[in-house]
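Undergrad: show me how the following folds:
(one chain, ligands or ions: 2)
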Amino acid sequence: MVEKVMETLNQADEKIMGGPDFPVGLVKRRKEIEKMLTESKSLQCFGRFGLVGMGGIGKTTTAKSIYNKMHKKFEASFFCLNIREHAGYDRGLEDLQAKILQNTALNVNKDKRAYDIEHRPQKIEINDVEHGKSILSSELKGINALIVLDDVDHESHIDALYRPLYTLGAKSVVVITTRNRDSLKREQLTEIYEMQELDKENSERLFHWHAFLKPDAPAHLKRVSQDVIAACKGLPLSLEVIGSSLYGCESESDISLWEENLRHLQENENIFGVLRISYHHLEGNEKEAFLDICCFLIGKHEDIVCIFLEGCYRTGQKILDVLKSRSLVSTDAEGLIRVHDQIRDMGRHIVREGKKDRVWEEETANDVLEVRDAFFLNIYCQFEICYMMCAESYISVERREKRTEDGCLHCVVFQ
Ligand SMILES: Nc1ncnc2c1ncn2[C@@H]1O[C@H](COP(=O)(O)OP(=O)(O)O)[C@@H](O)[C@H]1O
Ligand SMILES: [Mg+2]
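TA: Ligands and ions are numbered 1, 2, ... in the order given. Just a heads-up that it's a prediction; the model follows:
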């Protein structure tokens, strides 16, 4: 009995999605959306909701908060995180389909159809996206589930992951987060929630916590920090990253640094320009390590990333700690390295437009191969583990073959 209770509690805990260190205004946002989810559901069909807004505005954070609050009310639930990123991998959509099945239909059916349990497979193999769609439709039929499809960006994501959910039970709720409103335009959603920027008060609170670890700015930095906050335009990601990158710069003599950052912020209106400030604050090896992570190491275990960085820059954990303290990198509950997609894209932009010394996908490989004649492939072979990562995507430089066996390039560094 006790074991059964513990097992149930543990299962419930697994479902909890992590949140920000300093949440601001999240409860208000969550309540507004919860109200929408519960009030505007039609009786005939399950609720289908969109959370729309630009990258970094807090869609995933808000959806996680809703999920944490509501998931226990459903027979099954699953938060399908970062679809855009995963869909880019080989068999990415098939893997996501399998995860949805594993966490919803197979879980519920295991309990419901106890008579059948010995004959049911624990894991369903999905051959291709079409196969996945038909299994999802049939296995999810009639189940009342809460499913979040996070960062949907393309018709193919909707087709593979959302439309097969149409057979869900009428009490189900599906939440889609996207920065691309167009990707939802053909779907008849129950309602769409447009995410708003943080208001002045919440922007200040978020920034102050990250920059000063307290709710207020010191008197001599009050004016300049107000201007920095205004330049972040209520975008939580910018407030967090810029605040973190100025953490520790509180002395009287730091005012000029703040003013320099403010000028840079005001001159660079777009998000890459804003986030780039935090890159400029890094030291030499920290910059290199940050770019390595953006290009090759997202989703790898922190221990492996540390070994990689130690091998390349002599220190691993120390660099990682700096990147984490600047809110550029984080580690998820499974110990895997995460980088917000806007920050990752900023890092890759720096490599693509400037350094051209790393290649992580074919398009960039072609660009780099065009401008670089002689290459020396530096695959960090002194470190077995990194060598393995590179071997995954080995390219033969002499013969200028750009493709790997699976057609992808993941981890190649040029010198
Ligand atoms: N209400 C909030 N309070 C504190 N931090 C937040 C809040 N909303 C978002 N953030 C932070 O801002 C960053 C971007 O949020 P995220 O939800 O990933 O944005 P999106 O999914 O829209 O790209 C995250 O690091 C998150 O921790
Ligand atoms: Mg997101």
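
Undergrad: all strands for the stretch 201-350 of the chain, in order.
TA: 330-331, 337-338 (DSSP state E, counting those that start in this stretch).

Undergrad: could you say which of these is packed most deeply?
TA: Most buried of those, by mean neighbour count (mean count of other Cβ atoms under 10 Å): strand 337-338, with a mean of 20. Placement of C-beta: from N, CA and C, glycine included.

Undergrad: make TSV out of the strands of the stretch 201-350 of the chain and add mean pLDDT.
TA: Converted to TSV, the strands of the stretch 201-350 of the chain look like this (pLDDT from 0 to 100):
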stretch	mean pLDDT
strand 330-331	94
strand 337-338	95
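
Undergrad: right, and these - which one's nearest ligand 2?
TA: If you check each of the strands of the stretch 201-350 of the chain against ligand 2 by Cβ to the ion, strand 337-338 wins as the nearest, at 10.9 Å.

Undergrad: if we can go back for a sec, go through the strands of the stretch 201-350 of the chain and name the closest to residue 107.
TA: Nearest to residue 107, of all the strands of the stretch 201-350 of the chain, is strand 337-338, at 25.0 Å by Cβ to Cβ.

Undergrad: rewinding a little: nearest to ligand 1, of the strands of the stretch 201-350 of the chain?
TA: In terms of Cβ to the nearest ligand atom, the element of those nearest to ligand 1 is strand 330-331, at 7.6 Å.

Undergrad: least confident secondary structure element in this structure?
TA: Lowest by mean pLDDT, DSSP states H and E among the helices and strands of the chain is helix 384-391, with a mean of 36.

Undergrad: how many other residues sit next to the closest residue to residue 345 other than its chain neighbours?
TA: Excluding the flanking residues, the one nearest residue 345 by Cβ to Cβ, 6 or more residues apart in numbering is residue 272, at 7.4 Å. When neighbours are defined as other Cβ atoms under 10 Å, residue 272 has 16 of them.

Undergrad: can you classify residue 69 by secondary structure?
TA: Secondary structure state of residue 69, per DSSP: H, G, I helix; E, B strand; the rest coil, is helix.

Undergrad: residues contacting the closest residue to it other than its chain neighbours?
TA: Closest residue to residue 69 in three dimensions, ignoring its sequence neighbours and counting by Cβ to Cβ, 6+ apart: residue 30, at 6.5 Å. Neighbour list for residue 30: 62, 65, 66, 69 [criterion: Cβ atoms under 8 Å, 6 or more residues apart in numbering].

Undergrad: backbone phi and psi for residue 30, please?
TA: phi -60, psi -40 (degrees, to the nearest 10).

Undergrad: tell me how far it lies from residue 67.
TA: Relative to residue 67, residue 30 is positioned 10 Å away (Cβ to Cβ, to the nearest Å).

Undergrad: same deal with residue 96?
TA: Taken as Cβ to Cβ, the span from residue 96 to residue 67 is 16 Å.

Undergrad: the more surrounded of the two?
TA: Neighbour tally, residue 96 and residue 67, criterion other Cβ under 10 Å: the higher count belongs to residue 96, 25 against 22.
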